[in-house]
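J.: quick one: sequence and predicted model below, then my questions.
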Amino acid sequence: MPHENRDSRKTAGDDIVASRRDRYVEFYAVTVGHSRANRRESLRIAGDHGMELDDELCLCFHVSRRKVENFIRVERPRHVSQLAECFGAGTGCGWCREYLRILFERRTAGDSSRPAGSPPLPDADAYAVQRQDYIRAGKGTPPPGA
């Protein structure tokens, strides 16, 4: 039986992967090279693709969104800087600080909706790629081994 090339086969998951890739391409295309204010507007246009609760929010210290949200709920920090007490979130390269602020503002506002003018939380794949671009641009330095 000849070996079948993976590219010539189609599985049920291929459509899902293609859909995620298309959403990511749209999301990424509108965020690269924009100022912070323009990036926020672009992210709002791209939509909230949804970082899952178990996706890592702080990639330097492997802190999940769930850990951060539970920390905010249980510890009730008064300032966003206190989120660093949640396993060091936000103290590495700095990429996640804006997203930590968003989660903090959501919880302190008393609802889970996104505050006006704040960017959505991207899916895990887009988030990781954007962080790589952030680091390559010299905007942050992850700790050794991160």
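T.: Good, I have the coordinates.
J.: C-alpha only now, for contacts and for neighbours.
T.: Will do.
J.: quickly note the distance from Tyr127 to Thr108.
T.: When distance is defined by C-alpha to C-alpha, to the nearest Å, Tyr127 is 24 Å away from Thr108.
J.: more neighbours: the two, which one.
T.: Comparing Tyr127 with Thr108 by other C-alpha atoms under 10 Å, the one with more neighbours is Tyr127, at 20 against 17.
J.: that's a helix at that one, yeah?
T.: Yes - under DSSP: H, G, I helix; E, B strand; the rest coil, Tyr127 falls within a helix.
J.: need the contact list for it.
T.: Going by C-alpha atoms under 8 Å, 6 or more residues apart in numbering, Tyr127 touches no other residue.
J.: let the chain start at 876 from now.
T.: Sure, I'll start counting at 876 from here, so that last one is Tyr1002.
J.: that one and Arg953, how far apart?
T.: 27 Å.
J.: could you do Arg972 as well?
T.: From Arg972 to Arg953 the distance is 16 Å (C-alpha to C-alpha).
J.: more crowded one of these two?
T.: More crowded of Arg972 and Arg953, by other C-alpha under 10 Å: Arg972, with 20 against 11.
J.: in space, what's closest to the more buried one - neighbours in sequence excluded?
T.: Excluding its sequence neighbours, the residue lying closest to Arg972 (C-alpha to C-alpha, 6 or more residues apart in numbering) is Gly965, at 5.2 Å.
J.: from what I see, that neighbour and Cys971 are in contact.
T.: Yes - assessed by C-alpha atoms under 8 Å, Gly965 is found in contact with Cys971 at 5.7 Å.
J.: phi and psi next, for the residue lying closest to Lys942 once chain neighbours are set aside.
T.: Spatial nearest neighbour of Lys942, excluding adjacent residues (C-alpha to C-alpha, 6+ apart): Cys961 at 7.5 Å. The phi/psi pair for Cys961 (degrees, to the nearest 10) reads phi -90, psi 80.
J.: can you tell me how far Cys961 sits from Glu950?
T.: 10 Å.
J.: how about the strands of the protein, start to end?
T.: Assigned strands in the chain, in chain order: 931-933, 938-939 (criterion: DSSP state E).
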